[in-house]
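**Q** Please find the sequence and the predicted model below.
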Amino acid sequence: MQLRPDQLASHLAGTLAPLYVLHGDEPLLVIEAGDALRAAAREKGYTEREVLVAASGFKWDSLMLAAGNLSLFGGNKLVDLRIPNGKPGRDGGEALQRYCERLSADVMTLVTLPQLDWAAKKTSWFNALAQAGIVIELNAPALADLPDWIARRLARQNQSAERAALDFIAAHVEGNLLAAHQEIQKLGLLHPPGSLTLAQVEDAVLNVARYDVDKLRAALLDGDAARCARLLDGLRGEDVAPPLLLWAFASEIRALAALRAAQDEGRPLAAALRAERVFDDRRAAALQRALPRLRQPQLRAALLAAARIDRMIKGLARGDIWDEFLQLALRLARKPA
């Protein structure tokens, strides 16, 4: 059975199922759903809990043993099984199928998985889990839905914000709900309940990193490779969040690509700047100064590099994120041959 994330709270008010499966691409939502399930289990008498992590060398016999090893004097038990790579293998798949055939009313099982591809969702072991229990897929909201998600989180701490402020937060935390969660909590600490203004949100969200990141954006547009390298080294030392830095890179690259295309096609740059929502005169002038040294192939390669960094931040690709940032900065700063 599939359950939507927004149905979980009402579901937990009723009778709990013997098996739950959490998976998705957003760690924050998976963590929160798991916490809610564990709290509900405690409230309903599942006083024992055993955590199993199916990493390399895991003995799948221990899953069945955990379900059968009930305390003589304790209450019901929660078996908390985590499969970090989402691939139980042949032995694990068979063990999960056998386990689903022998679910007990005294044991509630929580299986936590990472994001699954279409092939994993068609496996016999996943279908067995889905048929025996409740599956909840927890993915990050799309950018268009992110401001509403942020508004609901603010409402939990009795705060609200104007649409421009919600859009500002969304633009700075896209692809990283953990960062969004932290920024929302920060707003709760800095300001009392009530409505937040755009100025308050801007000061809170970028009160540490804004100055240096803006310096880096200026250096990128100026084509100052040495300064870019120094600033990146400083940002790394300050432990600036990579998603924020990637947003700064990507926003400049996308704007430059749109302006370059407009110029190549003979369209007015003023209209292209408005379409890219570039209303600050200084930034508009810097973008236009950068155009003569940048060509479409250069910008396409930069966008591909930014996409690779995004995958690395999300754990989908390997590599040194900060080295990739440096290579991307040098690619943008390089003057054409």
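**A** That came through, no problem. Model, not experiment: these values are computed from the prediction. Residues are numbered from 1 along each chain as shown.
**Q** contacts and neighbour counts: CA atoms only from here.
**A** OK.
**Q** Kindly confirm my reading that Val79 is in a strand.
**A** Yes: if the criterion is DSSP: H, G, I helix; E, B strand; the rest coil, then Val79 is within a strand.
**Q** Give me the pLDDT for the spatially closest residue to it that is not a sequence neighbour.
**A** Leaving aside its sequence neighbours, Val79 sits nearest to Thr109 (CA to CA, 6 or more residues apart in numbering; 4.7 Å). You'll see Thr109 listed with a pLDDT of 94.
**Q** I figured Thr109 was touching Asn76, is that so?
**A** No: between Thr109 and Asn76 there is no contact under CA atoms under 8 Å: 11.1 Å.
**Q** if you count what's nearby, which of the two comes out ahead?
**A** It is Thr109, of Thr109 and Asn76, that has more neighbours when counted by other CA atoms under 10 Å, with 23 against 19.
**Q** Helix, strand, or coil at that one?
**A** Under three-state DSSP, Thr109 comes out as strand.
**Q** Pull the contacting residues for it.
**A** Pro18, Leu19, Tyr20, Leu78, Val79, Asp80, Leu81 (CA atoms under 8 Å, 6 or more residues apart in numbering).
**Q** of those, closest to Arg274?
**A** Of all those, Arg274 sits closest to Tyr20, with 48.6 Å by CA to CA.
**Q** Which secondary structure element is home to that closest one?
**A** Secondary structure assignment for Tyr20, by DSSP states H and E: strand 19-23.
**Q** which helices and strands does that strand pack with?
**A** On a contact count with 3 or more CA pairs under 8 Å, 6 or more residues apart in numbering; DSSP states H and E, strand 19-23 meets helix 27-43, strand 107-112, helix 124-132, strand 134-137.
**Q** Which one of those lies nearest to Glu50?
**A** Ranked by CA to CA, the member of those that lies closest to Glu50 is strand 107-112, at 9.7 Å.
**Q** Please report how far Leu12 lies from Leu198.
**A** Plainly put, Leu12 is 36 Å away from Leu198 if you go by CA to CA, to the nearest Å.
**Q** Report all helices and strands that the helix or strand bottoming out on mean pLDDT in the chain contacts.
**A** Of all helical and strand segments in the chain, the minimum by mean pLDDT, DSSP states H and E falls on helix 210-222, at a mean of 75. Counting contacts by 3+ CA pairs under 8 Å, 6+ apart, helix 210-222 packs against helix 225-237, helix 242-264, helix 281-290, helix 321-333.
**Q** buried sites along the third one?
**A** Neighbour counts using 16 or more other CA atoms under 10 Å place Ala284, Ala286, Leu287, Gln288, Ala290 of helix 281-290 among the buried residues.
**Q** cool, the last one as well?
**A** By neighbour count, with 16+ other CA under 10 Å as the criterion, the buried positions of helix 321-333 are Ile321, Glu324, Phe325, Leu326, Leu328, Ala329, Leu330, Arg331, Leu332, Ala333.
**Q** pull the CA atoms of that helix into PDB?
**A** This file holds the C-alpha atoms of helix 321-333, laid out as PDB (Å, rounded to 0.1, in the frame of the first residue of the first chain):
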ATOM      1  CA  ILE A 321      33.400  19.200  -4.600                       C
ATOM      2  CA  TRP A 322      35.800  22.100  -3.900                       C
ATOM      3  CA  ASP A 323      38.200  21.100  -6.700                       C
ATOM      4  CA  GLU A 324      35.200  21.000  -9.100                       C
ATOM      5  CA  PHE A 325      34.200  24.500  -7.900                       C
ATOM      6  CA  LEU A 326      37.700  25.700  -8.700                       C
ATOM      7  CA  GLN A 327      37.700  24.200 -12.100                       C
ATOM      8  CA  LEU A 328      34.300  25.700 -12.900                       C
ATOM      9  CA  ALA A 329      35.500  29.100 -11.700                       C
ATOM     10  CA  LEU A 330      38.600  28.900 -13.900                       C
ATOM     11  CA  ARG A 331      36.500  27.800 -16.900                       C
ATOM     12  CA  LEU A 332      34.300  30.900 -16.500                       C
ATOM     13  CA  ALA A 333      37.200  33.200 -15.900                       C
END
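**Q** per-residue confidence averaged over that helix?
**A** 90.
**Q** Likewise for the first one?
**A** With pLDDT averaged residue by residue, helix 225-237 scores 83.
**Q** The second one now?
**A** When the per-residue pLDDT values of helix 242-264 are averaged, the result is 88.
**Q** try stretch 272-281
**A** According to the model, stretch 272-281 has a mean pLDDT of 81.
**Q** And stretch 57-69, by the same measure?
**A** pLDDT averaged over stretch 57-69 gives 86.
**Q** Make residue 1 into 19 and carry on from there
**A** Renumbered: residue one is now 19, and that last one reads stretch 75-87.
**Q** what about that stretch, distance to the chain center?
**A** Remark: stretch 75-87 is offset 32 Å from the chain centroid, using CA atoms, centre = their mean, to the nearest Å.
**Q** Excluding its own residues, what touches it? List them.
**A** For stretch 75-87, using CA under 8 Å, 6+ apart, the contacting residues are Glu68, Leu70, Ala72, Lys95, Val97, Asp109, Gly110, Ala113, Tyr117, Val125.
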